[in-house]
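Participant: Just the structure for this:
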Amino acid sequence: MLTTTLATTLASIALLLAPPPATPPATDAPRIPAAVFVTEKPKDAKCVSEVKKSAKKGDTVVFTATVGGRAEPFVKSRAIFMVADRCLKACNQNPEESCATPWDYCCEPPESKKANMLTVQFTGDDGKPLKVGARSAGGLEPLAQIVVEGVVAEADDKGTFIVTARKVFVEKPAKAADGGAAPARKPD
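Facilitator: A predicted model of the protein is given here:
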């Protein structure tokens, strides 16, 4: 009897010390569809400032941009991020600046930021932003050079301008002759 009780106790302790079985990832977890990230650059891209001047809600737009606009351009747990017109210089492109987050464009005046920045989102079938972060998806990182094709979801005279992305082309950084990354290019 003592042996059976001891064996049962040892078995119970072993079960308590054993790691729990791995939980498989949820297959229905939201994610940005890989098909959104294209390998061919969408044609006829314009600058962010040009798109913001002329496009209205519901219009299809194509624009070039740089991921950035604030210290954290990506919204946590939502497929939403900020972009800036490529004509703006990030703080790392200004020799007088030494900024820990050059993609925040802190050296730009507020009126310039308002005219040259917009928000990009990836939405589900319900039209709402996916509940997943966009950072690193398809190569999206601060200062990444991108071309976006999408539909204007919101535009107002206060500066709000949101585009629902349908296609995103992330440019691969060019290598400089010294082996480092080349400086950001101007829009095509």
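Participant: what ranges do the strands span in this structure?
Facilitator: Across the chain, reading from the start of the chain, the strands by DSSP state E fall at 46-47, 60-67, 80-84, 117-121, 145-155, 161-170.
Participant: Neighbouring strands - and their directions - for the fourth one?
Facilitator: In other words, strand 117-121. Using DSSP bridges, the strands paired with strand 117-121 are strand 80-84 (antiparallel), strand 161-170 (parallel).
Participant: Quickly note the distance from residue 135 to residue 80.
Facilitator: Using C-beta to C-beta, to the nearest Å, we find residue 135 at a distance of 11 Å from residue 80. In short, each C-beta sits where N, CA and C put it, glycine included.
Participant: Which pLDDT value belongs to residue 97?
Facilitator: Residue 97 carries a pLDDT value of 68.
Participant: so of the strands paired with strand 117-121, which one's packed in deepest?
Facilitator: Burial among those, expressed as mean neighbours by mean count of other C-beta atoms under 10 Å, is greatest for strand 80-84, which shows a mean of 24.
Participant: What ranges in the chain fall below the confidence cut-off?
Facilitator: When the per-residue scores of the chain are filtered using pLDDT under 70, the ranges that remain are 1-28, 97, 174-188.
Participant: let's go with 90 and repeat that
Facilitator: Scanning the chain with the threshold set as pLDDT under 90 gives 1-30, 87-114, 157-159, 172-188.
Participant: Let me see the ranges of the helices in this protein.
Facilitator: Per DSSP state H, the chain has helices spanning 2-17, 48-54, 110-116. These are given in chain order.
Participant: Could I get the buried residue list for the second one?
Facilitator: Right, helix 48-54. Along helix 48-54, the positions that meet the burial threshold by neighbour count (16 or more other C-beta atoms under 10 Å) are 48-49, 51-52.
Participant: Those residues: which two are farthest apart?
Facilitator: 49 and 51 (7.4 Å; C-beta to C-beta).
Participant: before we move on, the earlier item: now render the buried residues of helix 48-54 as TSV, adding distance to residue 35.
Facilitator: TSV is the format used below for the buried residues of helix 48-54 (distance: C-beta to C-beta, whole Å):
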residue	distance to residue 35
48	24
49	29
51	23
52	27
